[in-house]
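>>> Sharing a sequence plus its predicted fold:
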Amino acid sequence: MQLSNLAKVGKKRKRKQSSCNRSNTPPEDLIEESRRKEILLCFKSAVESYGEGGQTPSSKLLPISYIKKPLRQLQLRSLGAEDVKRYFEDDDIQAVDADMFLTFAASKSIQLDKSNKAFGLIDEAQKGVVVIEDLQRVCLELEEPITEEELIEMMEYADPTGEGLLKPKHFFRLAQKMNL
């Protein structure tokens, strides 16, 4: 299947409403113009880079397998092809165009900003990490019925080191999992 046909598969189910944006406004309309330009520039650079590998960039499509590099450039390091497929609810998607990439990256940028703000509120002492006691305190303040076992499970999921310390990037991983 050619790349142009692959993008059509994704475009049919192109837009999924993100939980971080409950209105009908597309996420790309909610970010600053400078971030929008940065996202599109990263996409263009990735397409050109892909074209240097012997492929033709004239299609203006980026294979899903090449998605990690532009996402890393946008500080969206923990995201990859599986996240894009999940976002567009399409396991068969093989490539994205600029509009699809912009929608995805804008949505995740909004989610990252919210995650960083939440992290700052939870990290009251500004230690740069969140520990289980911080999460317990917040759950008590918000009257959330989360057990200690559930909090431990969340920490184990998000903390790859097993130290029981969540850094902002780990917290973002947790926020993605919980779809905050």
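Everything's here; your move.
>>> Got the domain ranges for the chain?
Per the record, the chain has its domains at 3-110, 116-178, by automatic domain parsing.
>>> Those domains into JSON lines, with extra columns for mean neighbour count?
Any C-beta I mention is one placed from the backbone N, CA and C, and that applies to glycine too. Converted to JSON lines, the domains of the chain look like this (neighbours: other CB atoms under 10 Å):
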{"stretch": "domain 3-110", "mean neighbour count": "17"}
{"stretch": "domain 116-178", "mean neighbour count": "15"}
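>>> Which of those domains comes out lowest on mean pLDDT?
Lowest mean pLDDT of the domains of the chain: domain 3-110, a mean of 79.
>>> contact partners of stretch 113-132?
Contacts to stretch 113-132, defined as CB atoms under 8 Å, 6 or more residues apart in numbering, come from residues 20, 134-135, 137-138, 148, 151-152, 155, 164-168, 171-172, 175, 180.
>>> Mind doing that once more with 6 Å?
Residues from elsewhere that reach stretch 113-132 (CB atoms under 6 Å, 6 or more residues apart in numbering): 134, 138, 151, 155, 165, 166, 167, 168, 171, 172, 175.
>>> For the third one, what is the enclosing helix or strand?
What it means is residue 151. In the assignment (DSSP states H and E), residue 151 maps to helix 148-158.
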